[in-house]
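>>> Have a look at this prediction, sequence included:
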Amino acid sequence: MPFTIVRAFFVLLCGLMGFGMGDIFKTTFGDFAPYVGIGLGVLLGLIIIVLELTSKRVSIKGLSAAVFGIVFGILFARLIIEVFKLMNMPEDVNGVLIVVFAYLGMVMALRGKDEFNIIIPYVKLRREDQREEIIVLDTSVIIDGRIADICHTKFIEGKLVIPRFVLKELQQIADSADPIKRNRGRRGLDMLNKIRKSGHMEVKIHEEDLPEIRDVDAKLIKLAKMLNAKVFTNDYNLNKIAELQGVSVLNINELANALKPVVIPGELMEAKIVKEGKEYNQAVAYLDDGTMVVIDNAKHLIGQTVKVIVTSVLQTAAGRMIFAKLESQR
């Protein structure tokens, strides 16, 4: 509503300006000149509003890059013109040179806008010893939900950045016809609201969409490079690709594995046996953190809590497995 009022006022103002400039058309339109001026003023105002509405997808970064390129092109053209003056070249080409170099400067700036570190949206004056940590969130880690608890513990500091294209992907998952995907998407949106309302960390939505890149993971890596940020994810493939391209990654699964209690061969522990194992007479139990414990000769004890002795520990890409035997078999 406020924008509608402002636009209506702008059109009215353009009409009044046209009415004031009606004398320009008096020789052509006579007494109708003021009305012609009002019509042209209103038309001009409407054209400007239409241009404003159609430019919603133009980012501030892209606009500032275009302006920078035009100014640079004009300055370069002026330099060429001064050289031509020394060579007694005709001045008829001056206007052409300015237009050509302004256009070339704008196009080159738009093509390389991601490399302009001086562009206004990415400038923040601060002391070098007080660098702000920026963390870009991936869709998978938002849906996972553990990020909210980590933020609550204050183990990470800085600013959480949620790209607009990640929000869009999350919204598409939440609107999916598949009930499982729909619940996952809604859980992710709930987690974002929980983080934002907790106030433990600053949360910002980043509007840059990077339309020239189609893959969401590639967009995340590109954005992290632009902002000199870290990527927070639990996606194994994204983790490896980001590391290959020199982007720092915070992997929530690696953090979870690092926080699991350490056990060593010979240690005595308790475990509740829940099912039989793959090998003969084996049974399987799980620790509170989800670690699998494979126990020899314990198939007949399914459903019971027993004391076992750790025989070996196997670390795999999927997690950690503990092999044990019954204490009574010591």
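Sure thing, it's come through. Quick caveat: nothing in here was measured; it's all calculated off a predicted structure.
>>> who touches the helix or strand where Leu167 lies?
Following DSSP states H and E, one finds Leu167 within helix 164-174. Helix 164-174 has contacts (CB atoms under 8 Å, 6 or more residues apart in numbering) with 137-139, 142-143, 181-182, 184-186, 188-189, 192, 205-210, 216, 219-220. Glycine gets a C-beta too; all of them are placed from N, C-alpha and C.
>>> ok now the helix or strand that that helix is followed by, how far from the chain's centre?
Using DSSP H and E, the helix or strand that directly follows helix 164-174 along the chain is helix 179-198. Relative to its chain's centre, helix 179-198 lies at 17 Å (CA atoms, centre = their mean, to the nearest Å).
>>> sorry, back to before: give me the buried positions along the helix holding Leu167.
Buried residues in helix 164-174, defined by neighbour count with 16 or more other CB atoms under 10 Å: 165-167, 169-170, 173-174.
>>> go on, stretch 79-88?
So, applying 16+ other CB under 10 Å, buried residues of stretch 79-88: 80-81.
>>> Kindly report the same for stretch 182-191.
Buried, per 16+ other CB under 10 Å, within stretch 182-191: 184-185, 187-189, 191.
>>> Would you reformat those residues as CSV and include pLDDT and distance to Ala109?
Listed next are the buried residues of stretch 182-191 as CSV, based on pLDDT from 0 to 100; distance: CB to CB, whole Å:
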residue, pLDDT, distance to Ala109
Arg184, 88, 41
Gly185, 87, 38
Arg187, 88, 42
Gly188, 87, 36
Leu189, 88, 37
Met191, 87, 38
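>>> out of those residues, who's nearest Ala148?
Using CB to CB, Met191 comes nearest to Ala148 of the buried residues of stretch 182-191, at 5.1 Å.
>>> so who does the closest one touch?
By CB under 8 Å, 6+ apart, the neighbours of Met191 are 142-143, 145, 147-148.
>>> now with 7 Å?
142, 145, 147-148 (CB atoms under 7 Å, 6 or more residues apart in numbering).
>>> What subset of the contacts of helix 164-174 is buried?
Buried among the contacts of helix 164-174 by 16+ other CB under 10 Å: 137-139, 142-143, 184-185, 188-189, 192, 206, 208, 210, 216, 219-220.
>>> of all these, which two lie farthest apart?
Longest span within these, CB to CB: Arg184 and Glu208, 25.5 Å.
>>> domain parsing for this structure?
With domains defined by automatic domain parsing, the chain comprises 2-111, 128-257, 268-329.
>>> ok, of these, where does mean pLDDT dip lowest?
Between those, the one with the least mean pLDDT is domain 2-111; it has a mean of 74.
>>> starting at the chain centroid, how far to that domain?
Using CA atoms, centre = their mean, the offset of domain 2-111 from its chain centre is 34 Å.
>>> repeat for stretch 310-325
With CA atoms, centre = their mean, you get 37 Å for stretch 310-325.
>>> Name the strands paired with the longest strand anywhere in the chain and say parallel or antiparallel.
The longest strand of the chain (DSSP state E) is strand 305-316. Using DSSP bridges, strand 305-316 pairs in its sheet with strand 268-276 (antiparallel), strand 319-326 (antiparallel).
>>> Among the ones you listed, which comes closest to Ile252?
Using CB to CB, the nearest of the strands paired with strand 305-316 to Ile252 is strand 319-326, at 13.2 Å.
>>> ok, and what's touching that closest one?
Against strand 319-326 from outside (CB under 7 Å, 6+ apart): 257, 260, 263, 291-298, 306, 308-314.
>>> let's go with 8 Å and repeat that
257, 260, 263, 269, 271, 287, 290-298, 301, 306-314.
>>> List only buried entries from these.
The neighbour-count criterion (16+ other CB under 10 Å) marks 263, 269, 271, 287, 291-296, 298, 306, 308-310, 313 among these as buried.
>>> Which pair in those has the greatest spatial separation?
Val306 and Val313 (18.7 Å).
>>> Ile195 against Arg146, yeah?
No. Taking contacts as CB atoms under 8 Å, Ile195 lies outside contact range of Arg146: 11.3 Å.
>>> neighbour-wise, which of the two wins?
The neighbour comparison of Ile195 against Arg146 (other CB atoms under 10 Å) goes to Ile195, with 22 against 14.
>>> give the contact list for the more buried one.
Contacts of Ile195 (CB under 8 Å, 6+ apart): 147-148, 151, 160, 201, 203.
>>> For the strands paired with strand 305-316, give me a markdown table that also has distance to Ala283.
Formatted as a markdown table, these follow (distance: least, CB to CB, whole Å):
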| stretch | distance to Ala283 |
| --- | --- |
| strand 268-276 | 5 |
| strand 319-326 | 9 |
